[in-house]
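*Asks:* Provide a 3D model corresponding to the input given below.
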Amino acid sequence: MNGRRAQAAAFIAIFAAVAACSRSAPSTAAPPATKAPDAEATTEARAPTTAAQTTTSLAAPPADPAGVGDPYFAQLGNGGYDIARYDVAISADPAAGPNIAVHDVITATATARLASFHVDLAGMEITAITVDGASATFQRDGDEVIVTPQRAVDPGARFVTLFDYAGSPRPLPDAELTNVGWLHSVGATFVVSEPNGAHSWLASSDHPSDKAAFGYRIDVPDGVTAVANGRLIATDTANGRTTWVWDEPDPMATYLATVAIGSFSIIDGGTEGAVHIRNVVPTALEPQLRATFGRTGEMLRVLADLFGPYPFGEYGALVIDARLGYALETQTLSLFDRQIALSSATEEFQVHELAHQWFGDSVTPKSWRDIWLNEGFATYAESLWRERTEPGFDVDAAMRRLAAHAYPPIGNPGAANLFDMNVYDRGALTLHALRRTVGDDAFFRILRAWTSEFAHANASTDDFVRIASRVSGRDVSALLDAWLNANPMPSLP
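*Replies:* The predicted model follows:
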């Protein structure tokens, strides 16, 4: 997931010297506590209208490979179709254990003829799959579900696939061997999916290149709060249970989807321009946290002036009452653990996660190797915030201190090093080198062009090089290539 590994106490102590990262967890810390999966246990689920038949062979071979070709995660994502929207109904009872029942409706457009197609889902007991209302057959191959509809889907056709499944989501190890997916802490269950955990609970195309809108209906016992990305549309209460309805209409990568269920308070923070601010905090910590995110409106104003309009309609924080050691830029509702939210370094973390809403959430990398486009920009944003709000802050001096480290290349960091300090700090240094080369006026025009031209879309390092060269009026490809790939690292201009 997004973040830098460091001893939890150490990263707080040195925070003034080096920028905070989205993911800051101690390398020796135990993962968040989870309960052992129980494949037989289920909670209430919507009764399937048709029964899926498990098959041992396919009538035709899959029409697309089980993945989109990302060398870091070869089995993630799926070819042959593009998902437009997930409508996810979840039934859960945290007091009864980690089991959930899910009714997942996937609306997609075929990009090839689909005699069969793959969907990512780890574990869980599937009880029904339909395609366009007709029962489909399926087989499982590890974390791949290979679905065969009764009739092949033609290229360009819009089709709807319904999954019914239940069980206890099994947390998955990420690139840094920390559990990701559907996690648990005292009094709450919550989702942290970056980079590869979404398919532990969501039947999906689990790769950033296939972004989609999300709708949620989360059914929980009365007195339990359920939150997710986007805007709260409604709460419906009947027979001792409440359904929380959330909607995120803007395209979102699966790793940015989140759900949190437990004893939470939703604090309305008013609006900043057209942006509605709401924060979700553990009810027991509300007195301590009510003022913690009081500068969010100011941060929105400052960053929007630098990067262009905030790309979504909602923003706020979700605080988990646990010591996780990281924060994460879950779209419109950034996740923080208790330690970070209450630390003296919380402001830098807040700026970092807010900056990710532009860099990573709206403009999302086409492949994981370009993770610096997320973390380098968000890390540099911390210095830009301090430059504009902290009298006497010297951004050049701060960057020179970072440049004193011998960071290895970051243009292709490898799956095991996605969230190393190198990606964050050398990424920030790359941007500062570009800024000092082209000048402030051109640099900030580059950033605004980047967030505008690729808003709610996917982009690559090559795309950034082209925009930077075009907007600045000079070829900066050699400069950026050296800063991303040269070893040793270049000197700052």
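*Asks:* From now on I want contacts and neighbour counts done on CA atoms only, so please keep to that.
*Replies:* Fine.
*Asks:* Next, the distance between the ends of stretch 201-216.
*Replies:* 13 Å (C-alpha to C-alpha, to the nearest Å).
*Asks:* ok now it, how far from the chain's centre?
*Replies:* 10 Å (C-alpha atoms, centre = their mean, to the nearest Å).
*Asks:* Give me the buried positions along that stretch.
*Replies:* Neighbour counts over stretch 201-216 (16 or more other C-alpha atoms under 10 Å) mark 201-216 as buried.
*Asks:* what's the most distant pair in the residues you listed?
*Replies:* Across those, the longest distance by C-alpha to C-alpha is 21.2 Å; it joins Ser209 and Tyr216.
*Asks:* wait, doesn't Thr258 sit right on Val192?
*Replies:* Yes - the pair Thr258 / Val192 is scored as a contact, 6.6 Å apart, by C-alpha atoms under 8 Å.
*Asks:* what about the closest residue to Thr148 other than its chain neighbours, neighbour count?
*Replies:* Spatially, and ignoring its direct neighbours in sequence, Thr148 is nearest to Ser116 (4.3 Å; C-alpha to C-alpha, 6 or more residues apart in numbering). When neighbours are defined as other C-alpha atoms under 10 Å, Ser116 has 24 of them.
*Asks:* can you check Gly97 too?
*Replies:* By other C-alpha under 10 Å, 17 other residues sit near Gly97.
*Asks:* which residues of the stretch 201-350 of the chain fall in strands?
*Replies:* Here the stretch 201-350 of the chain has its strands, by DSSP state E, counting those that start in this stretch, at 212-221, 225-228, 231-238, 241-252, 259-262, 264-272, 275-282, 314-315, 317-320, 327-328, 334-337.
*Asks:* Can you give me the distance of Ala345 to Gln150?
*Replies:* Counting by C-alpha to C-alpha, the gap between Ala345 and Gln150 amounts to 56 Å.
*Asks:* More neighbours: those two, which one.
*Replies:* For the pair Ala345 and Gln150, the greater number of neighbours falls to Ala345 (19 against 15), based on other C-alpha under 10 Å.
*Asks:* Show me the strands in the stretch 1-150 of the chain, by range?
*Replies:* For the stretch 1-150 of the chain, strands defined by DSSP E, counting those that start in this stretch occupy the ranges 4-5, 24-25, 53-54, 81-92, 100-110, 117-120, 125-131, 134-135, 137-141, 144-148.
*Asks:* Return the residues in contact with Ala213.
*Replies:* Ala84, Arg85, Tyr86, Glu248, Pro249, Asp250, Pro251, Met252 (C-alpha atoms under 8 Å, 6 or more residues apart in numbering).
*Asks:* buried residues in stretch 454-473?
*Replies:* Using 16+ other C-alpha under 10 Å as the burial criterion, the residues of stretch 454-473 that qualify are 454-461, 464-465, 467-469, 471-472.
*Asks:* How about stretch 403-417?
*Replies:* Ala403, Tyr407, Pro408, Pro409, Ile410, Gly411, Asn412, Pro413, Ala415, Asn417.
*Asks:* ok, back up a step: so the residue nearest to Thr148 is in contact with Ala152, correct?
*Replies:* Yes - assessed by C-alpha under 8 Å, Ser116 is found in contact with Ala152 at 7.1 Å.
*Asks:* where does the stretch 101-250 of the chain have low pLDDT?
*Replies:* By pLDDT under 70, the weakly predicted segments of the stretch 101-250 of the chain are 175-177.
*Asks:* if you set the cut-off to 90 instead, what comes out?
*Replies:* Applying pLDDT under 90 to the stretch 101-250 of the chain picks out residues 173-179, 184-187.
*Asks:* Mind jotting down where the helices sit in this protein?
*Replies:* When secondary structure is read from DSSP state H, the chain shows helices at 8-13, 286-289, 296-307, 338-341, 346-356, 372-389, 395-403, 421-438, 440-453, 461-472, 477-485.
*Asks:* Give me the buried positions along the third one.
*Replies:* I take that to be helix 296-307. By neighbour count on 16+ other C-alpha under 10 Å, the buried set for helix 296-307 is Thr296, Gly297, Met299, Leu300, Val302, Leu303, Ala304, Leu306, Phe307.
*Asks:* tell me how far it is from the chain's mean position?
*Replies:* 21 Å.
*Asks:* what angle separates that helix from helix 440-453?
*Replies:* Going by axes from the mean of the first three to the mean of the last three C-alpha atoms, to 10 degrees, helix 296-307 is angled at 100 degrees with respect to helix 440-453.
*Asks:* do you know which of the strands of the stretch 1-150 of the chain lies nearest Pro171?
*Replies:* Of all the strands of the stretch 1-150 of the chain, it is strand 100-110 that lies closest to Pro171, at 13.5 Å by C-alpha to C-alpha.
*Asks:* Which strands or helices does that closest one pack on?
*Replies:* In terms of contacts (3 or more C-alpha pairs under 8 Å, 6 or more residues apart in numbering; DSSP states H and E), strand 100-110 is packed against strand 81-92, strand 158-167.
*Asks:* Run through the bridge partners of Gly181.
*Replies:* Gly181 has the following beta-bridge partners by DSSP bridges: Val192.
*Asks:* Quick check, central residue of the protein?
*Replies:* Leu256 (2.2 Å; C-alpha atoms, centre = their mean).
*Asks:* For that one, which non-adjacent residue is spatially closest?
*Replies:* Leu256 sits nearest to Thr330 (C-alpha to C-alpha, 6+ apart), 4.4 Å away.
*Asks:* Distance to Gly80 and mean pLDDT added to the helices of the chain, as JSON lines?
*Replies:* Shown next, in JSON lines, are those (distance: least, C-alpha to C-alpha, whole Å; pLDDT from 0 to 100):
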{"stretch": "helix 8-13", "distance to Gly80": "43", "mean pLDDT": "33"}
{"stretch": "helix 286-289", "distance to Gly80": "46", "mean pLDDT": "96"}
{"stretch": "helix 296-307", "distance to Gly80": "34", "mean pLDDT": "98"}
{"stretch": "helix 338-341", "distance to Gly80": "41", "mean pLDDT": "96"}
{"stretch": "helix 346-356", "distance to Gly80": "29", "mean pLDDT": "98"}
{"stretch": "helix 372-389", "distance to Gly80": "27", "mean pLDDT": "98"}
{"stretch": "helix 395-403", "distance to Gly80": "44", "mean pLDDT": "98"}
{"stretch": "helix 421-438", "distance to Gly80": "32", "mean pLDDT": "98"}
{"stretch": "helix 440-453", "distance to Gly80": "26", "mean pLDDT": "98"}
{"stretch": "helix 461-472", "distance to Gly80": "24", "mean pLDDT": "98"}
{"stretch": "helix 477-485", "distance to Gly80": "32", "mean pLDDT": "98"}
